[in-house]
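A.B. asks: Kindly return the folded structure for what I paste below:
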Amino acid sequence: MLATAKQALSVGAAGIEGARDESPRLGPVARGFRTALDALDLLSRVVLIVLFTSELVLILVEICRRELFDASFLWLEEVSQIILLAIAFIGGPLAYREHSDAAISSITRSLRPALRTTIEAEVDLLILGIGLLTAVVSVGLFATESMSILPMTGWNLAATVVPLLLGMSFIVLFALERLILHHRPAAVVRACFGLGVPTLIVVAIAWVPALHPSDGWALLITLAAFFAAILLGLPVAFSMLIGTILFLALTGVAPMVAEAQETIDGASLFVLLTIPFFVWAGLIMERGGISLRLVRFGIAIVGHLRGGLQQVVILTTFLVAGVSGSKLADVVAVGSIMREQLLRKGYRAQDGAAVLASATAMSESIPPSIAMLVLGSVVPVSIGKMFVAGVLPAATLAVILMILVWFMAIRHPTELVAKANGKERVRAALGALLPAAMPAILIIGIKGGIATPTEVSSVAVFYGMVLAVVIYREMGWRSFVRAAVESAVMSGMVLFMIAAAGGFAWALSAGNMPQYLLGFLQAAGDNRYAFLAGTIVIVVVVGSLLEGIPCLVILAPILYPVAVRLGINGVHYAMVLVLAMGVGIFLPPVGIGFFASCSVMNASVESTSKAILPYMLALLIGILMLAYVPWFSLALLNLLSR
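C.D. replies: Coordinates of the predicted model:
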């Protein structure tokens, strides 16, 4: 039993082993250090499972108590906040250790070996420094918060700082592991020299107020350093943390402890608990045979059309997006099933990857989109209204993509799929009925006021478990544990990015970034159409560099108030933001989702970059049309409001 548990818990083993193969031969001390970290890794995953399942049970019990006895746990939100912070600051470091954090590596991979290894060592040195500094300032924050209590539980407020302090300690240990065990000593020495001079300059400026640049120059330096770090392979979350630290050092507008405080505040919203639950629900449905049933339905309905299996990819992605909140999970769920079928029917790998990436970008506004959940936590727009409004825009973009696939298939003809008869279609529809009911359950639950988004997300997990374990019987104990750990680590990575984005957004606001950005967008005057077009360009570009969620956390609070002042409906503008962000994360050559699609479909980045261009152009034209015609975003909302 213990061996089975360890195997199920070792989610990131492949990535870690890949890094180990490159490490020099280890002595007994190094092996002992690695063994200790492996034990810490395993223990952390066990803790995440306990926290994850405990929170799920708490929320499900809360729903039952409220509906049956009209009673509630008044302390639930405070306990959930601490659990949420623990998932973020334990899961984030675990994602870093198993090399599954969001980072751009295409540029460093193209460099000559000596330079590449030096930059990779510099990345881990920077992460070590970020972890050390944040841990040190967290100790001061812990002392400050220990003088207050949480009102409902009566617990010490310092409990909210403990997850960050532990997480940064883990990051320090994991960064040391990479530097000592995975990098050559010569590369580490070169990295120390490469970072030494810039670090000394920043420290000197921080200690001598007379050297502080103006806020404008400090903002420019911060942004330049931030984007340089992203492009050189520093994970997005750490790039945002280093941006916050650098801005505070250059300006002295607040003590360095503000970096820790704003990072904690960035991941403290109760609604963010929807992220780990929806990711968990998506993985359960993928592993439980639910995605396969949706693919079969897609083949039965559109498989016989020209470009049939690519049409299936688009339709299936639309359906799978309704049972998962994560776009990367959608890529894996659809791509892993469709890859071999596409190749057998003569489709080129790059075309399959291009359609998969475009379809997943299209589905960003389908509930329960994590992007909409995050957006609803940073701007005053109803998550329930977004869930209703997002379906028609995604359906419109899906139709546009399917029409394009039909025409593209003329240039690259493939073997057609036999048309399903009526009985086969009915059988496929019945198989997809229960999974496809998930979006309706979500919308009715939230829009009808029956449950909050967080509660609905917990119901989604329970619903997925019933389908996968009880009805379909395709998920055993080991698969369930593995899905729980993977979702915890994946969610931790996302929440860690959101936490870092909260601090970075605060730093940008302190540097008057909103005013500069608004000045740029208002250069054309109070023209809502120019503003919408400018929004799409900015969000697509920034989203491709940042990964989508940090992009929304940073830009949405700046842009949303301006849109409302210009008379743009808030829900409609939210759809524009979400869809533009979706295109950004799948935009070559640096979009995270684009690389994931190429990896899943075994397609080369270069050939897929060319193949995807017509689809990206179609999506951008479609989003521009949706932006200029609010009816697409508001039609369902107005219909259900009558």
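
A.B. asks: tell me which residues in stretch 456-466 are buried?
C.D. replies: Val456, Ser457, Ser458, Val459, Ala460, Val461, Phe462, Tyr463, Gly464, Met465 (16 or more other CB atoms under 10 Å). All C-beta atoms are positioned from the backbone trio N, CA, C, and that covers glycine.

A.B. asks: what's next to that stretch, contact-wise?
C.D. replies: 56, 59-60, 63, 273-274, 277-278, 280-282, 284-285, 288, 290, 323, 325, 368, 438, 441-442, 445-446, 451, 475, 480 (CB atoms under 8 Å, 6 or more residues apart in numbering).

A.B. asks: In helices, which of those residues fall?
C.D. replies: 56, 59-60, 63, 274, 277-278, 280-282, 284-285, 290, 438, 441-442, 445-446, 480 (DSSP state H).

A.B. asks: Could you identify the buried members of these?
C.D. replies: 56, 59, 63, 274, 277-278, 280-282, 284-285, 290, 438, 441-442, 445-446, 480.

A.B. asks: Can you get me a residue count around Ala36?
C.D. replies: Ala36 has 12 neighbours, counted by other CB atoms under 10 Å.

A.B. asks: just the helices in the stretch 301-450 of the chain please.
C.D. replies: 308-320, 327-344, 349-362, 370-378, 383-389, 391-411, 422-436, 438-447 (DSSP state H, counting those that start in this stretch).

A.B. asks: Could you dump these into a markdown table and include mean pLDDT and distance to Phe297?
C.D. replies: Formatted as a markdown table, those follow (pLDDT from 0 to 100; distance: least, CB to CB, whole Å):
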| stretch | mean pLDDT | distance to Phe297 |
| --- | --- | --- |
| helix 308-320 | 86 | 7 |
| helix 327-344 | 78 | 12 |
| helix 349-362 | 90 | 15 |
| helix 370-378 | 85 | 24 |
| helix 383-389 | 88 | 22 |
| helix 391-411 | 91 | 15 |
| helix 422-436 | 84 | 4 |
| helix 438-447 | 74 | 14 |
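
A.B. asks: closest one to Val542 among those?
C.D. replies: helix 370-378 (13.7 Å; CB to CB).

A.B. asks: what comes into contact with that closest one?
C.D. replies: Contacts of helix 370-378 (CB under 8 Å, 6+ apart): 269, 271-272, 274-275, 278-279, 325-327, 364-365, 381-383, 386-387, 390, 453, 494, 498, 548-549, 552-553, 556-557, 574, 577-578, 581-582.

A.B. asks: Same check on stretch 605-623?
C.D. replies: 106, 348-351, 353-355, 357-358, 361-362, 396-397, 400-401, 404, 408, 536, 540, 576, 579-580, 583, 586-589, 594-595, 597-598, 601.

A.B. asks: Quick one: end-to-end length of that stretch, please.
C.D. replies: Distance across stretch 605-623, first residue to last, is 25 Å (CA to CA, to the nearest Å).

A.B. asks: Same question for stretch 264-272.
C.D. replies: End to end - CA to CA - stretch 264-272 spans 13 Å.

A.B. asks: how far is that stretch from where the chain is centred?
C.D. replies: 15 Å (CA atoms, centre = their mean, to the nearest Å).

A.B. asks: What are the buried residues along it?
C.D. replies: Ile264, Gly266, Ala267, Ser268, Leu269, Phe270, Val271, Leu272.

A.B. asks: residue contacts, the fifth one?
C.D. replies: It stands for Leu269. Ser377.

A.B. asks: For it, give me phi and psi.
C.D. replies: Torsion angles at Leu269 (phi, psi; degrees, to the nearest 10) stand at phi -80, psi 130.

A.B. asks: What sits closest to the residue sitting nearest the centre point of the chain if chain neighbours are left out?
C.D. replies: The centroid of the chain falls nearest to Val494 when counting by CA atoms, centre = their mean (4.6 Å). Leaving aside its chain neighbours, Val494 sits nearest to Ile275 (5.7 Å; criterion: CB to CB, 6 or more residues apart in numbering).

A.B. asks: shouldn't Ala258 be in contact with Ile245?
C.D. replies: No: Ala258 is not in contact with Ile245 according to CB atoms under 8 Å; the separation is 10.0 Å.

A.B. asks: And these two? Which one has more around it.
C.D. replies: Between Ala258 and Ile245, counting by other CB under 10 Å, Ile245 is the more crowded of the two (23 against 18).

A.B. asks: and the gap between that one and Val257?
C.D. replies: According to CB to CB, to the nearest Å, Ile245 and Val257 sit 11 Å apart.

A.B. asks: Equivalent analysis for Phe594, please.
C.D. replies: The value you get for Phe594 to Val257, if CB to CB is used, is 38 Å.

A.B. asks: of these two, who's got more company?
C.D. replies: The neighbour count for Phe594 versus Val257, taken as other CB under 10 Å, is higher for Phe594 (29 against 18).

A.B. asks: Kindly confirm whether my reading is correct that the more buried one touches Gly582.
C.D. replies: No: the criterion here is CB under 8 Å, and Phe594 misses it with Gly582 at 11.6 Å.

A.B. asks: can you put the buried residues of stretch 456-466 in a markdown table and add pLDDT?
C.D. replies: As requested, the buried residues of stretch 456-466 are exported to a markdown table (pLDDT from 0 to 100):
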| residue | pLDDT |
| --- | --- |
| Val456 | 82 |
| Ser457 | 81 |
| Ser458 | 86 |
| Val459 | 85 |
| Ala460 | 83 |
| Val461 | 85 |
| Phe462 | 87 |
| Tyr463 | 85 |
| Gly464 | 84 |
| Met465 | 86 |
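
A.B. asks: count of residues packed around the residue lying closest to Leu219 once chain neighbours are set aside?
C.D. replies: Closest residue to Leu219 apart from its sequence neighbours, by CB to CB, 6+ apart: Gly511 at 3.5 Å. For Gly511, the count of nearby residues is 24 (other CB under 10 Å).

A.B. asks: on that earlier part again, quickly name whichever of the buried residues of stretch 264-272 is closest to Gly502.
C.D. replies: Gly266 (1.9 Å).
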